[in-house]
Every structure is written in structure tokens, then in C-alpha cells.
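>>> Give the three-dimensional model of this entry:
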Amino acid sequence: MNKPEDLVKGADGERFGAIPEDVAAAINCICGPICLPYGVPGPRGFGELHVESNPSRMHLIQSFGFKRFAGFAHFIASGYDWVGEGDRGCLMLVRQKDAYDMTLIIRPAPDLVRWNITTGYPKRVQDRKKLLWERLQEGRSEPSPDVVNRPRLETLTLHKKTKS
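Reported below is the predicted structural model:
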């Protein structure tokens, strides 16, 4: 029998992804692996058992082609597009797919050496007001300084032609 704090084994062992040093430094948090505890079922639970005990959430996750929550969690944690601020010291990891934000909520483990997945869900595109970090996409570029510093063009005024 697994204890709530025991970790689910995924494709990469107990590690589903990571918060690397550069991301951690940018958002002022700990770096480390992202793991999925077995957790506790129910509305106030956490981890794999929390999500898999919710039939409607699992139906939605399965509609995106994930058989189990562990596959969904690995998909997000191994390639998230942005990190947002969550409630009570948690972070949101978001990976976009099919006009949805696939979201994981993670919190630091008590020993502060890893992140534990608390819950996860697909959601229509979210408000990014709590955005802390975003991955630059391939082919995406930032404006060059000369474009940013270029003075705005003045509005042209067109005069009506008058008949003579």
C-alpha cells in the first residue's frame, strides 16, 4: 500500500519535469524536480488520487488523449509554456494544447528539494495576470531597440477639397 507522500513512477522515474535554475532565478523560487505524489483522494486531497477520484475531471483529461493523470502531468511538467503565481505559495505550470491551457498546480515539498504536483486540469485559455515566466517560442522574436525607440508618427490631417 502506498503512502500519500510516496511518489508515482512516470516515464522518467519519479521525475515528471523540473524547475531549472534559470527559471527559478527569474521567478525567485527553488529549483528542482517536479514529482507526483500518490496523495489523498477527494475534494480537499492532492496528487494522483485526488485527480483520479474526480470522474468529471478524469473524463475531461481523457478527452485530450491521456489515459491516466500521470500522463497528463508528464505532458505539462516536461514542456510547460509559462509559469504563473498560484495561491498559498503554489505555482501554475501551463502548456497550451487545442485552445486549452493544460494546467498543473505545484507546491514545494516539505524538504524544499523538489516540487509536488497538487492537482491539474484543462482549462480554456486563462487570464495571464499572474504570469511569472514565459518560454520564448521558436521563430518568435522580440522587437529590436531601434523599433521600440522610434518616435511615433504624427497623425496626418486631410483637408476637405472645396469646390471653386
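
>>> For my notes, confirm Ser56 occurs in a strand.
No. Per DSSP: H, G, I helix; E, B strand; the rest coil, Ser56 lies outside any strand segment and is helix.

>>> what's near enough to touch it?
Contact analysis of Ser56 by Cβ atoms under 8 Å, 6 or more residues apart in numbering lists nothing. Quick note: C-beta positions are derived from backbone N, CA and C, even for glycine.

>>> Quick check: mean pLDDT of stretch 127-143?
The average pLDDT for stretch 127-143 rounds to 70.

>>> Give the next helix or strand downstream of the strand or helix carrying Arg107.
For Arg107, the element it lies in under DSSP states H and E is strand 100-108. Later in the chain than strand 100-108, the nearest helix or strand by DSSP H and E is strand 115-124.

>>> now that following strand, how far from the centre of its chain.
Averaging C-alpha positions (Cα atoms, centre = their mean, to the nearest Å) puts strand 115-124 8 Å from its chain's average.

>>> rewinding a little: relative to strand 115-124, how tilted is the strand holding Arg107?
160 degrees (axes from the mean of the first three to the mean of the last three Cα atoms, to 10 degrees).

>>> Low-confidence ranges, this protein, go.
138-164 (pLDDT under 70).

>>> mind redoing it with 50?
Residue ranges of the chain with pLDDT under 50: 139-158.

>>> Strands of that one, residue ranges please.
17-19, 32-35, 82-85, 91-97, 100-108, 115-124, 131-134 (DSSP state E).

>>> Contacts for the strand holding Arg107 next, please.
Counting by Cβ under 8 Å, 6+ apart, 29-30, 34, 64, 72-73, 75-77, 80, 86, 88-96, 114-126 sit against strand 100-108.

>>> one step back: which one of the strands of the chain lies nearest to Lys9?
strand 32-35 (9.9 Å; Cβ to Cβ).

>>> got the CA coordinates for the closest one in PDB?
C-alpha atoms of strand 32-35 as PDB (Å, rounded to 0.1, in the frame of the first residue of the first chain):
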ATOM      1  CA  GLY A  32      14.300  21.100  -8.500                       C
ATOM      2  CA  PRO A  33      12.400  18.100 -10.000                       C
ATOM      3  CA  ILE A  34       8.700  18.000 -10.300                       C
ATOM      4  CA  CYS A  35       7.200  14.900  -8.800                       C
END
